[in-house]
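Chemist: Dropping a prediction and its sequence here:
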Amino acid sequence: QVQLVESGGGLVAPGTSLTLSCTASGFTSDYYAIGWFRQAPGKEREAVSYFRRTDQEDGRIWYASSVKGRFTLSRGNAKNTVNLQMNNLQFEDTAVYYCAADSSFARLHAGRPDYWGQGTQVNVSS
């Protein structure tokens, strides 16, 4: 049973930073795709950033245009953990952030991963 456990959400002021973490368990292979999606109030869920877990070289991490240059996805120190470093947060970054994963990169890329975390709330407010 695959499980994704998120942490790190909270209330922050505009221009500040926050790091979200996601720990995956239950995958039978070390090769899978993992990343973050978000859903703002009244909007559809959208992809934020993701990558193939065993492929972290530059150029293979996908970012939404709205976060490119501000957000960084990386592996955490603990095995099967990924971190989303969010800098210069803006009001429009307010959303529930979901960790998502799938053995198929194509399904994750299409926005239809098999596995989702429970979500963590990020509020950017002055």
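Modeler: Structure's in. What do you need? No experiment lies behind these values; they were computed from the predicted model shown.
Chemist: how distant is the least confident helix or strand in the chain by mean pLDDT from the center of its chain?
Modeler: For the chain, scoring each helix and strand by mean pLDDT, DSSP states H and E identifies helix 105-109 as the least confident one, at a mean of 89. Computed by Cα atoms, centre = their mean, to the nearest Å, the chain-centroid distance of helix 105-109 equals 14 Å.
Chemist: Relative to the helix or strand following it, what are the paired strands and their orientations?
Modeler: Downstream of helix 105-109, the first helix or strand assigned by DSSP states H and E is strand 115-116. For strand 115-116, the paired strands and their directions (DSSP bridges) are strand 95-102 (antiparallel).
Chemist: which other residues reach the strand it pairs with?
Modeler: Contacts of strand 95-102 with the rest of the structure, by Cβ atoms under 8 Å, 6 or more residues apart in numbering, involve 2, 4-6, 9, 20, 22, 24, 27, 32-41, 43, 45, 48, 50, 82, 84, 108, 113-122. Where C-beta positions appear, they are placed from N, C-alpha and C, glycine not excepted.
Chemist: Select from those residues every entry located in helices.
Modeler: Within the contacts of strand 95-102, residues falling in helices by DSSP state H are L108.
Chemist: Narrow the contacts of strand 95-102 to those that are buried.
Modeler: Of the members of the contacts of strand 95-102, the ones counted as buried by neighbours, 16 or more other Cβ atoms under 10 Å, are 4, 6, 9, 20, 22, 24, 27, 32-38, 45, 48, 50, 82, 84, 108, 113, 115-117, 119-120, 122.
Chemist: quick one, which residue of this protein lies the farthest from its center?
Modeler: Note on the chain: the largest separation between a C-alpha and the mean C-alpha position, by Cα atoms, centre = their mean, falls on S126 (23.8 Å).
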